[in-house]
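Student: Below is the sequence, then the predicted model.
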Amino acid sequence: MIGIAPQQGLAVLGLSALLALAGLVACSGSDAPAPRSGGSKPAAKSAQISPEEATKRARNQYDTVCLTCHGAGGKGDGPGAAALDPKPRTFTDVEWQKSVTDESITKAIVYGGAAVGKSANMPAHPLLKDQPQVLVELVKIIRAFNGKG
């Protein structure tokens with residue numbers, strides 16, 4: 001076995017660590033520049049998903065969140081509606097459907113009822129802001145209740 005002086009051992013150890021770190025950086029596969037400290041983070045981009053996936057996610061959102069108050073048939077009679085005042089929107093109301101824009105429905109979903117001059121009981125769902133395809137499909141679900149009252 002070859003003897004190494006303590007100072008040489010530290011130098012070899014330091015060089016090994018530096019080479020290992022350089023190897024990790026080189027193998028990261030990222031050509032992106034390193035983030036600058038103090039700068040703002042870039043806005044999150046929404047991932048493109050298939051129309052089928054957007055429809056599936058929107059249906060899941062309605063069935064697990066919206067249905068609680070708006071009901072399976074969109075009549076504002078979900079299990080959570082009994083305790084609410086005012087009562088949730090009835091999506092089957094033809095006059096309401098005619099009076100509201102898709103943009104207003106989307107705004108109510110993302111920012112909550114108060115954002116469109118309605119009840120603050122309607123919670124905001126800000127995570128959907130970055131899922132425009134899912135929002136479009138949710139609006140389609142709401143529009144499909146038109147006149148089914």
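Tutor: All right, it came through fine. This is a predicted model, so every value here is computed, not measured. Numbering: from 1, shown residues only.
Student: Remind me what the helix or strand harbouring residue 59 packs against, helices and strands.
Tutor: Counting by DSSP states H and E, the element that carries residue 59 is helix 51-61. On a contact count with 3 or more CB pairs under 8 Å, 6 or more residues apart in numbering; DSSP states H and E, helix 51-61 meets helix 132-143. C-beta here means a position set from N, CA and C on the backbone, and glycine is covered the same way.
Student: Before we move on, what's the pLDDT of residue 5?
Tutor: For residue 5, the pLDDT comes out at 52.
Student: Excluding its own residues, what touches stretch 95-114? List them.
Tutor: Residues outside stretch 95-114 that contact it (CB atoms under 8 Å, 6 or more residues apart in numbering): 89-91, 115-116, 118-126, 128-129, 135, 138-139, 142-143, 145-147.
Student: So which of these sit within helices?
Tutor: 135, 138-139, 142-143 (DSSP state H).
Student: Narrow the residues you listed to just the buried residues.
Tutor: Buried members of those, scored by 16 or more other CB atoms under 10 Å, are 135, 138-139, 142.
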